[in-house]
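1. one predicted model, sequence on top.
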Amino acid sequence: MERENGVVEIHELKGIDIRNGIIVDGFPSVGLVSSIVANYLVSMMNLEQIGIVDSPHFPTVSLIRNKEPNNPVRIYGGKIGKDEKATKIAVFVSEFQPPSNLIKPIAVSILDWAQKQRASLVISPEGLAVDGEVHRKGEEAVNAYAVGSTIPARLYFEPYEDIKPFDEGVITGVAGVLLNEGKKRNFNVISFLSEAHQMFPDARAAARVIEAMDKAILQIGIDTKPLYAEAEIIEESIKRVQQQKEAAEKRSVPPKPLPPMYG
């Protein structure tokens with residue numbers, strides 16, 4: 001168990017070799033993009049739990065799945081890709097959005113652990129807030145961006161014209177701290193970003209981020225069709241709710257509640 005910053009602990013449940021591998025941040029962001037990306041990678045790549053992240057300031061809950069208790073923040077790991085080109089990977093998955101006082105300790109702990117494990121790269125998926133019109137034009141309208149903490153990090157994605165450099169703007173949360181810490185420590189951190197809605201889980205934006213990650217880093221041909229299908233379901237649900245709300249306002253009757261959505 002490690003408590004490198006006195007606030008956040010990383011406890012390894014199973015030893016795993018991440019040397020020269022990749023670590024993915026899955027703490028919730030705009031449109032839950034990072035959470036969807038992290039959970040999708042864990043599910044699609046059949047990664048196993050290798051650790052937990054804990055803090056006295058985390059929610060005091062246990063998530064019961066398959067009859068087993070789970071911490072709200074977990075680490076999964078394994079290898080993806082073919083044997084001769086297999087990529088070592090560890091993915092942080094969080095069930096809650098950390099309060100502002102925990103964002104820096106969490107990001108610092110992730111980077112401390114990455115350096116201890118001798119990983120080569122930390123990836124932080126992120127959503128860029130947009131208005132409600134962008135996704136009605138179809139998946140081609142969803143842009144992907146990237147920003148790197150070092151010159152070697154930027155070389156991963158700069159050759160690809162469909163991954164736009166994020167030249168100006170603000171990146172907040174865990175992703176922002178990881179980029180700043182990466183620059184300070186001369187450690188490779190990349191944040192892949194896509195335009196996302198703020199008000200609901202954006203599976204389409206997450207799919208676009210995964211495609212950018214796969215093209216620039218993983219190169220294993222991850223199937224994102226299930227995420228696009230999920231996005232259509234979510235968007236249709238939103239449209240129905242909006243229509244109900246408009247009709248209800250005309251009748252002065254409260255609309256039906258928003259149905260459960262992918263997270």
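-> Yes, it's here.
2. check contacts around residue 149.
-> Contact analysis of residue 149 by C-beta atoms under 8 Å, 6 or more residues apart in numbering lists 178, 179, 180, 181, 182, 183, 187, 188, 189, 190. C-betas here are computed from N, CA, C, even on glycine.
3. pull the contacting residues for the second one.
-> Residues touching residue 179, when contacts are defined by C-beta under 8 Å, 6+ apart, comprise 124, 147, 149, 171, 189, 191.
4. ok, the last one next?
-> Neighbour list for residue 190: 121-124, 146-149, 153-154, 156-157, 216-217 [criterion: C-beta under 8 Å, 6+ apart].
5. what of the fifth one?
-> Contacts of residue 182 were listed using C-beta under 8 Å, 6+ apart, and they are 111, 122, 149, 150, 153, 188, 189.
6. tell me the one of these nearest residue 23?
-> Nearest to residue 23 among the contacts of residue 182 is residue 122, at 4.9 Å by C-beta to C-beta.
7. A helix includes that closest one, no?
-> No. Secondary structure of residue 122 (DSSP: H, G, I helix; E, B strand; the rest coil): strand, not part of a helix.
8. in the sheet, who's paired with it?
-> Beta-bridge partners of residue 122, counted by DSSP bridges, are residue 23, residue 189.
9. I'd guessed it sits against residue 113; true?
-> No. With contact defined as C-beta atoms under 8 Å, residue 122 does not reach residue 113; the gap is 9.6 Å.
10. which residues are common contacts for the two?
-> Joint contacts of residue 122 and residue 113 (C-beta under 8 Å, 6+ apart) are residue 23.
11. of those two, who's got more company?
-> Remark: of residue 122 and residue 113, residue 122 carries more neighbours, 29 against 23, as counted by other C-beta atoms under 10 Å.
12. for the more buried one, report the pLDDT, please.
-> At residue 122, the pLDDT value in this model is 98.
13. repeat for the one 5 residues further on
-> Looking at residue 127, its pLDDT stands at 94.
14. contacting residues for it?
-> Here residue 127 is in contact with 29-34, 193-196, 198, 202, 205 (C-beta under 8 Å, 6+ apart).
15. can you pull up the bridge partners for it?
-> residue 194.
16. got CSV for the contacts of residue 179, with distance to residue 82 too?
-> Formatted as CSV, the contacts of residue 179 follow (distance: C-beta to C-beta, whole Å):
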residue, distance to residue 82
124, 26
147, 30
149, 29
171, 33
189, 26
191, 27
